[in-house]
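Asks: Predicted coordinates and the sequence they were generated for:
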Amino acid sequence: MASKYIDLSTVKFFMNNVQELETVLEKERFVDHDLESVNLYVDSVKQFADRELFPYFKEMDENPAHYKDGSIHVHQQVEKMMKEGGSMGLIAAPFNYEDGGLQLPLLAHTAANYILDAANNHLPGYSGLTSGAAELIVEFASKDLKEKYTPKMLTGEWGGTMCLTEPQAGSSLSDIVTKATPTDDGQYKISGQKIFISGGDHQYADNIVHLLLARIEGAPAGTKGISLFVVPKMRLKEDGELLFNDVTTVADFQKMGQKGYCTTHLSFGDKDDCQGYLVGEENNGLNYMFLMMNGARIAVGRGASAIACGAYYASLEYANERPQGRKLSSDGTKNLKDKQSLIIEHPDVRRMLLLQKSMVEGSMNLIFKAAKYYDLQHNSADDKEKNKYHTLLEMIIPVVKTYPSEAGIYSINNGLQVLGGYGFCSDFILQQYYRDIRISSIYEGTTGIQSQDLLGRKMMLNNGEGAKLLLEEIKKTIEKADQDDELKEWASSLNNQLDQSQKILFHLMPFAIKGDYERFLADASIFMEFFSLIIVGWSWLEIGVATKHALSISNSTLDSKFYQGKLDALEYFYVYELPKTKGLAEILLHPSSVTIKKKDKVIN
Ligand SMILES: Cc1cc2nc3c(=O)[nH]c(=O)nc-3n(C[C@H](O)[C@H](O)[C@H](O)COP(=O)(O)OP(=O)(O)OC[C@H]3O[C@@H](n4cnc5c(N)ncnc54)[C@H](O)[C@@H]3O)c2cc1C
């Protein structure tokens, strides 16, 4: 195992300086917190991760969650994560005091969870999903449901899940068939199967509270007929006693990665005794879920970036220790009398390391930015400001989920390559990171689905006003960077790419206007790749501006090394990554429609 999985100074620099946590803390709701207290909280989370998460990372992969005798068995650290983590506020942190929370900004909670994810991505999902499920109850369910179910979820005694997927309904939730039948006492009986449910059952929770999508008998077809229910594994009787609610665990899916994080198949109502409690109004379930989705998508992007972060430090450590080959002399030969070089001295290895650093840190800052937008949206007093940050978050969210997932896989692939043959061997940790990250581009909306959301919905948001607002924000950073001699060149590159994106949208929009949506969206994933490079380029430029400012007021050599590392990774991104937009633009502007199914086209 490597000894380092994250750089705390980077987390704090992005949170405090680049995203300017102080501007969030100025909001009324955070009056009890200041920079010092939030940073102390982040320190304590790092200590918890060092002690309770990172040492078990490999062990959890080697001892997967599994189904035995009707229930799921998970690693003992799940209990630590839920109960000790719960008592530290790791589940409840962003909730209001009145609901048992700490009223911490999502930006701080995101930074803390990034550390946990980087330390051991098999664990934070248990607390994260519980937090998400409790949030749905707090926001939309009755006072009674809230009082009965959320307190023990927020302390980590009970778990929570999101039950959406069914065997025939994955990406397309309109095909959900789980049934809710009204009963005489005003409740519903639930019957159906849910698959791939993360954290769906385990021996360390007395109860698991499922937030489940189902169709009330007679509801309209499609997404307009889906309702949301609280369906606990154990229902609470009036006297407070727990009674089995006919939720049966059928199996645990065995996976290529994230093996310590159970993925269950659940059956509801096999004995016709599963009660569900409606959340909010009938047939409005998907809307409630959608309101929570931005948080869930930030969490998946965060997890992916953090896994790639752990992999980066493992490969960096290896490159600093592994002697192999010799530096080329000026005549292109190698002097065998020289000692072997460490591989970190070879430009190709440095390229692979810079590639990782630029993807990991560029996405970390982007994720923090999304969390900050969330905070500003939810805590601004002024409606115009609320609206602004809501729109900005909506615009970037598909990228926040997708870029860290897709680029993260690529990044870890390069990390594995740094280890040569050892990268392929189970004794070395890179292969585990490579397997663990792979799920990120699948769950919480596949890359294909996120890309359709980006091009098909977000680019059209408010008749293009959303895209205009985002463009204005990016231009503000470009203007700041343009004042600096070293950043000027990158500012101009990013500006050119913005022009290119306009050209691409002008080329694609007419297909949508004509009603040819299949052609319009056929290359949505390519557009996602293109647009992600621009958004992460923006993230890096923002880091560049904050770095140059920090350098101008710092005189320590230690600091200057840290900041130089940021400027080098920025340069790498602009020289090696951003230009990839040119090839992607060529694809997007090409008239070919080879991927569209037509009578004379076959894939064989
Ligand atoms: C480990 C794990 C944990 C999970 N956790 C949960 C959980 O906690 N709760 C939960 O409810 N679900 C969970 N899921 C389910 C997950 O969200 C789904 O697997 C995902 O949404 C994709 O659905 P699917 O597997 O049915 O694939 P499909 O929907 O069949 O997709 C297959 C492929 O077709 C593409 N595709 C599908 N439809 C379209 C379209 N209209 N246009 C273009 N391309 C399309 C997809 O992009 C994908 O590449 C989990 C899954 C896994 C593997």
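Replies: Cool, the structure landed.
Asks: Please make it C-alpha for all contacts and neighbour counts, starting now.
Replies: OK.
Asks: In terms of residue numbering, what are the domains of the protein?
Replies: The chain breaks down by automatic domain parsing into domains covering 8-154, 159-284, 446-594.
Asks: Those domains: which one's closest to residue 335?
Replies: Residue 335 lies closest to domain 446-594 among these, at 29.7 Å (CA to CA).
Asks: Show me what the lowest-mean-pLDDT helix or strand in the chain is in contact with.
Replies: Sorting the helices and strands of the chain by mean pLDDT, DSSP states H and E puts helix 557-572 at the bottom, at a mean of 93. Applying CA atoms under 8 Å, 6 or more residues apart in numbering, the external contacts of helix 557-572 come out as 354, 355, 357, 358, 490, 540, 541, 543, 544, 547, 551, 554.
Asks: Would you list the buried entries among those residues?
Replies: Buried by 16 or more other CA atoms under 10 Å: 354, 355, 357, 358, 490, 540, 541, 543, 544, 547, 551, out of the contacts of helix 557-572.
Asks: From those, which one has the minimum pLDDT?
Replies: In terms of pLDDT, the lowest of these is residue 551, showing 94.
Asks: tell me the secondary structure for that residue?
Replies: helix (DSSP: H, G, I helix; E, B strand; the rest coil).
Asks: Nearest residue to the closest residue to the ligand within the stretch 451-600 of the chain in space, please, no chain neighbours.
Replies: Proximity of the stretch 451-600 of the chain to the ligand (CA to the nearest ligand atom) peaks at residue 452, 7.7 Å away. Nearest residue to residue 452, sequence neighbours excluded (CA to CA, 6 or more residues apart in numbering): residue 524, at 5.5 Å.
Asks: how many neighbours does the one you found have?
Replies: Neighbour count of residue 524, defined by other CA atoms under 10 Å: 22.
Asks: check contacts around residue 593.
Replies: Applying CA under 8 Å, 6+ apart to residue 593 gives the contacts 519, 522.
Asks: tell me which element it is part of?
Replies: Applying DSSP states H and E as the criterion places residue 593 outside every helix and strand.
Asks: Could you measure from it over to residue 520?
Replies: 10 Å (CA to CA, to the nearest Å).
Asks: For the stretch 151-300 of the chain, which residues are neighbours of the ligand?
Replies: 162, 163, 164, 165, 169, 170, 171, 196, 197, 198, 263 (CA under 6 Å from any ligand atom).
Asks: Could you pick out the buried ones from these?
Replies: The neighbour-count test (16+ other CA under 10 Å) applied to those identifies 162, 163, 164, 165, 170, 171, 196, 197, 198, 263 as buried.
Asks: Surely the last one and residue 256 touch.
Replies: By that I understand residue 263. No - using CA atoms under 8 Å as the test, residue 263 is too far from residue 256 to be in contact (11.8 Å).
Asks: Can you show me the helices along the stretch 51-200 of the chain?
Replies: For the stretch 51-200 of the chain, the helices defined by DSSP state H, counting those that start in this stretch cover 57-62, 77-79, 85-87, 106-119, 124-140, 143-154.
Asks: circling back to that earlier point, quick one: residues contacting the residue nearest to residue 452.
Replies: Residue 524 touches 448, 451, 452, 454, 455, counting by CA under 8 Å, 6+ apart.
Asks: now do 10 Å
Replies: Shown in contact with residue 524 (CA atoms under 10 Å, 6 or more residues apart in numbering): 447, 448, 449, 450, 451, 452, 453, 454, 455, 456, 530, 588.
Asks: Go through these and flag which are in helices.
Replies: If you go by DSSP state H, the contacts of residue 524 have 447, 448, 449, 450, 451, 452, 530, 588 in helices.
Asks: State the pLDDT value of the third one.
Replies: In the predicted model, residue 449 carries a pLDDT score of 98.
Asks: So which bits of this structure are right by the ligand?
Replies: So far as CA under 6 Å from any ligand atom goes, the chain lies against the ligand at 162-165, 169-171, 196-198, 263, 442-446, 448-449.
Asks: go with 5 Å
Replies: Taking CA under 5 Å from any ligand atom as the contact definition, the chain meets the ligand at 162-165, 170-171, 196-198, 443-446, 448.
Asks: okay if I get those residues as a markdown table plus distance to residue 215?
Replies: Putting those into a markdown table (distance: CA to CA, whole Å) gives the following:
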| residue | distance to residue 215 |
| --- | --- |
| 162 | 16 |
| 163 | 13 |
| 164 | 12 |
| 165 | 13 |
| 170 | 15 |
| 171 | 17 |
| 196 | 19 |
| 197 | 18 |
| 198 | 21 |
| 443 | 22 |
| 444 | 21 |
| 445 | 21 |
| 446 | 24 |
| 448 | 26 |
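Asks: Out of the residues you listed, which is nearest to residue 107?
Replies: Ranked by distance to residue 107 (CA to CA), the residues of the chain next to the ligand are led by residue 444 at 20.4 Å.
Asks: three-state assignment of the closest one?
Replies: Quick answer, by three-state DSSP: residue 444 is coil.
Asks: what sits against it?
Replies: 170, 171, 293, 296, 297, 299, 300, 301, 401, 450.
Asks: Can you report how many residues lie near the third one?
Replies: By the measure other CA under 10 Å, the count of residues near residue 293 is 16.
Asks: Quickly note the distance from it to residue 444.
Replies: Distance, residue 293 to residue 444, using CA to CA: 8 Å.
Asks: Which neighbours do those two have in common?
Replies: Shared contacts of residue 293 and residue 444 (CA under 10 Å, 6+ apart): residue 299.
Asks: Where does the prediction get shaky in this structure?
Replies: For the chain, the stretches flagged by pLDDT under 70 are 558.
Asks: now the strand ranked longest in it: how far from the chain's centre is it?
Replies: As assigned by DSSP state E, the longest strand anywhere in the chain is strand 188-198. Using CA atoms, centre = their mean, to the nearest Å, the distance from the centre of strand 188-198 to the centre of the chain it belongs to is 24 Å.
Asks: That one relative to helix 124-140, how many degrees between them?
Replies: When axes from the mean of the first three to the mean of the last three CA atoms, to 10 degrees is applied, the directions of strand 188-198 and helix 124-140 differ by 150 degrees.
Asks: packing partners for strand 188-198?
Replies: helix 124-140, strand 159-163, strand 179-182, strand 208-216, strand 227-232, strand 247-252, strand 263-268, strand 275-278 (3 or more CA pairs under 10 Å, 6 or more residues apart in numbering; DSSP states H and E).
Asks: Recalculate using a threshold of 8 Å.
Replies: Judged by 3 or more CA pairs under 8 Å, 6 or more residues apart in numbering; DSSP states H and E, the packing partners of strand 188-198 are strand 159-163, strand 179-182, strand 263-268, strand 275-278.
Asks: partners of that strand, with directions?
Replies: Sheet partners assigned to strand 188-198 using DSSP bridges are listed as strand 179-182 (antiparallel), strand 263-268 (antiparallel), strand 275-278 (antiparallel).
Asks: Please identify the deepest-packed of these.
Replies: Per residue and on average, the most neighbours among the strands paired with strand 188-198 fall to strand 275-278, with a mean of 25 (mean count of other CA atoms under 10 Å).
Asks: didn't residue 491 look like it was pressed against residue 474?
Replies: No - using CA under 8 Å, residue 491 is not in contact with residue 474, being 10.0 Å away.
Asks: Just list whatever residues bridge to the residue in the stretch 251-400 of the chain positioned nearest to the ligand.
Replies: Nearest to the ligand in the stretch 251-400 of the chain, going by CA to the nearest ligand atom, is residue 263, at a distance of 5.6 Å. Per DSSP bridges, the residues bridged to residue 263 are residue 198.
Asks: ok, it - contacts?
Replies: Residue 263 makes contact with 196, 197, 198, 199, 200, 252, 253, 254 under the criterion CA under 8 Å, 6+ apart.
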